[in-house]
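[1] Sequence and computational prediction follow.
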Amino acid sequence: MVELRYDVADDLRTVTGREAVVFTPDQPICELVFRAWPNKPTTADDGTSLRITDALVDARPVQAAITPGGAPEGAPGTIVTLPLPACSDAGTEVRAELGFTLALGEDAGERVGHTPSAELAWFGTAFPLLAWVSGEGWVRDPAVDLAGETVTSEDFTLAELAVTAPQAYRVLGTGSDAGTGPGARSGTVEHRFRADAVRDVAVSVGRFTVVERDVGGVRYHVGVPESGSRLSADEWADELENAVRRLQDMLGAYPYTDLWASILPALSDGVEFPAALQFGDVNRRTMPALVAHEVAHMWFYGLVGNNQARHPWIDESFATYAQARVAGQEDDYAMSDIDGRLRGHLGEPMPYWAATGNFNRYVTGVYDQGAAVLLEGRRRSGDEAFDSALRAYITANAHRVAGPADVAAAFGHLPEVMALLRRSGALPQS
Ligand SMILES: [Zn+2]
């Protein structure tokens, strides 16, 4: 269970946060580990930071130990460890509370930032995120200097997300809208949200024009900057609806009650959070495939989680595969188009791709190669057999953190798919 409170400064440059977490581990623990992902290199370089101001464990003040975990020199670290007064047994509930401040990088091209000229602020994965994986334990994979995800988290109940913001601004959150009330400071409003099961949280605040629709049991909330955007909020909402409908036909029910989307001109691409998306101000030609890709992440990363630092292929291959099918791009992803040097490296972790120093190599090696493998696997094993194996994979791993062995278990009865996954390096040779 997580309760999260944000208070956004009038100038949208900083945010004060407070988090309460109630956690019942499935193994004995002697400490609590949280990740401060805004301190990773690509966001820290934009001037963004997350600093812990105080911490309590079971209502007693403790000193947080902060270690780099891949953060650049001069930035606060990405690993926040809270000592426990004594080691604690599996099944024993622990309650922690953390205070923190966020600095939002100006015009940051990443998931945390603010744009003064348009009066927009956005912050995703911008709180101390409990870094536990059931059956495994604490996850300390380092942040890397590459604009890809490295976050791992189990699902949690977002009992309350409360965002206090100047009353002139709209607030887009995560989960379902739970109403508003007067903010603690004069001239502010508190916006509340709730969610039964999410792995992460994203918020946008500012001068947005917001369109809201209820379609097919999903509530859509789309915010475009008042200062203008290439596409209207209605055009974005149309495409989001289209993607959800087509993905539901392929993958099963959309996993959330709501879908939030913020159009942020400082971004060039899309970033996924559970039930919440950030998009750059892209054009009409780029938008449909980008929307299909990010919405596909609601199933692959949102519903079925994975360790995005260690196994980035697990969500990106399936999301790009689903994007290709929804956007009619099946012929754009072929094994023969993959650079020979990248073949066999699909299963590599983020430090490998960061060491290449080349974002395009990561995209080709993981997104393109992964989609090509899955599309070819579907051709060779037969559409029906592949589609039902994929649905069974989602059902078996919903609300979990899946690993390569879970993919192998779901596709083990389709030798054509298994051979392709092994040859591409996603699964070990056997
Ligand atoms: Zn993706």
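    Yep, it's here.
[2] use CA for all of it now, contacts and neighbours both
    Will do.
[3] and Asn46, how far is that from Asp200?
    One thing to correct before we go on: residue 46 is Asp, not Asn. 21 Å (C-alpha to C-alpha, to the nearest Å).
[4] where's the nearest residue to Gln308 once chain neighbours are set aside relative to Gln329, distance?
    Leaving aside its sequence neighbours, Gln308 sits nearest to Thr150 (C-alpha to C-alpha, 6 or more residues apart in numbering; 4.6 Å). Distance of Thr150 to Gln329, computed by C-alpha to C-alpha: 27 Å.
[5] what's the single longest helix in this structure?
    Criterion DSSP state H: the longest helix present in the chain is helix 233-251.
[6] which helices and strands sit right next to that one?
    Applying 3 or more C-alpha pairs under 8 Å, 6 or more residues apart in numbering; DSSP states H and E, one finds that helix 233-251 contacts strand 208-215, strand 218-225, helix 287-296, helix 312-326, helix 383-397.
[7] Going by neighbour count, list what's buried in that helix.
    233-234, 236-237, 239-247, 250-251 (16 or more other C-alpha atoms under 10 Å).
[8] same thing with stretch 123-130?
    Those buried within stretch 123-130 under the rule 16+ other C-alpha under 10 Å are Phe123, Gly124, Thr125, Ala126, Phe127, Pro128, Leu129, Leu130.
[9] mind listing what the fourth one touches?
    With contact taken as C-alpha atoms under 8 Å, 6 or more residues apart in numbering, Ala126 is in contact with Ala36, Trp37, Pro38, Leu50, Leu102, Val112, Val201, Ala202.
[10] Ok, the first one next?
    Remark: with contacts taken as C-alpha under 8 Å, 6+ apart, Phe123 is in contact with Leu104, Arg111, Val112, Gly113, Ala202, Val203, Ser204.
[11] Closest one to Gln167 out of those, please.
    Relative to Gln167, the closest of those is Ser204; by C-alpha to C-alpha it sits at 13.9 Å.
[12] Tell me what the closest one is bridged to.
    Going by DSSP bridges, Ser204 is paired in beta bridges with Trp122, Leu172.
[13] any idea how far it lies from Gly105?
    Distance, Ser204 to Gly105, using C-alpha to C-alpha: 14 Å.
[14] picking that back up, could you rank the contacts of Ala126 by neighbour count and give me the top one?
    Pro38 (35 neighbours; other C-alpha atoms under 10 Å).
[15] Are we agreed that that one is in a helix?
    Yes: Pro38: assigned to a helix according to DSSP: H, G, I helix; E, B strand; the rest coil.
[16] measure it to Val151 for me?
    Relative to Val151, and taking C-alpha to C-alpha, Pro38 is found at 11 Å.
[17] Likewise for Thr125?
    8 Å.
[18] What confidence value was assigned to the closest residue to Phe411 other than its chain neighbours?
    Distance criterion C-alpha to C-alpha, 6+ apart; nearest residue to Phe411, sequence neighbours excluded, is Ala389 at 6.1 Å. Ala389 carries a pLDDT score of 98 in this model.
[19] what about Ala389, how many neighbours?
    By the criterion of other C-alpha under 10 Å, Ala389 has 19 neighbours.
[20] Wait, it touches Ala408, no?
    No: applying C-alpha atoms under 8 Å, one finds Ala389 not in contact with Ala408, separated by 10.6 Å.
[21] give me every residue that touches Cys87.
    The contact partners of Cys87, by C-alpha under 8 Å, 6+ apart, come to Pro28, Ile29, Cys30, Glu31.
[22] In JSON lines, list these along with secondary structure, pLDDT and neighbour count.
    Below are the contacts of Cys87 laid out as JSON lines (DSSP: H, G, I helix; E, B strand; the rest coil; pLDDT from 0 to 100; neighbours: other C-alpha atoms under 10 Å):
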{"residue": "Pro28", "secondary structure": "coil", "pLDDT": "98", "neighbour count": "14"}
{"residue": "Ile29", "secondary structure": "strand", "pLDDT": "98", "neighbour count": "19"}
{"residue": "Cys30", "secondary structure": "strand", "pLDDT": "97", "neighbour count": "13"}
{"residue": "Glu31", "secondary structure": "strand", "pLDDT": "98", "neighbour count": "15"}
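[23] farthest pair in these?
    It's Pro28 and Glu31 that sit farthest apart of those, by C-alpha to C-alpha, at 9.6 Å.
[24] In terms of residue numbering, what are the domains of the chain?
    1-195, 207-298, 304-423 (automatic domain parsing).
[25] could the ones you listed be laid out in TSV, adding distance to Ser430?
    Shown next, in TSV, are the domains of the chain (distance: least, C-alpha to C-alpha, whole Å):
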stretch	distance to Ser430
domain 1-195	24
domain 207-298	29
domain 304-423	8
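[26] hang on, the earlier thing: neighbour count: Ser204 and Gly105, which is higher?
    Higher neighbour count among Ser204 and Gly105: Ser204, with 30 against 25, using other C-alpha under 10 Å.
[27] ok, Tyr256 touching Ala275?
    Yes: at 6.2 Å, Tyr256 counts as touching Ala275 under the criterion of C-alpha under 8 Å.
[28] Check the contact lists of the two and give me the overlap.
    Gly175.
[29] neighbour count winner among those two?
    Remark: of Tyr256 and Ala275, Ala275 carries more neighbours, 29 against 22, as counted by other C-alpha under 10 Å.
[30] Could you list which residues are in contact with the more buried one?
    Here Ala275 is in contact with Thr174, Gly175, Tyr256, Asp258, Leu259, Trp260, Met298, Gly302 (criterion: C-alpha under 8 Å, 6+ apart).
[31] residues in contact with the last one?
    Going back to what we said before, that points to Gly302. Neighbours of Gly302 in contact, by C-alpha under 8 Å, 6+ apart: Val198, Arg199, Phe273, Pro274, Ala275.
[32] secondary structure element for Ser229?
    Ser229 belongs to no helix or strand when assigned by DSSP states H and E.
[33] My error: substitute Glu272 in the last question.
    Using DSSP H and E, Glu272 falls in strand 270-273.
[34] With only the CA atoms kept, save that strand in CSV.
    Provided in CSV are the C-alpha atoms of strand 270-273 (Å, rounded to 0.1, in the frame of the first residue of the first chain):
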residue,chain,number,x,y,z
GLY,A,270,6.4,8.5,-25.5
VAL,A,271,6.9,7.3,-21.9
GLU,A,272,4.7,4.7,-20.3
PHE,A,273,3.5,4.5,-16.7
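[35] How far away from the center of its chain is that strand?
    On the basis of C-alpha atoms, centre = their mean, to the nearest Å, strand 270-273 sits 6 Å off its chain's mean C-alpha point.
[36] got a pLDDT number for the residue positioned nearest the centre of the chain?
    Centroid-nearest residue in the chain: Phe273, 3.6 Å away (criterion: C-alpha atoms, centre = their mean). Note on Phe273: pLDDT of 98.
[37] Verify the stated contact: it with Val203.
    No: here Phe273 does not reach Val203: they are 9.9 Å apart, not a contact under C-alpha under 8 Å.
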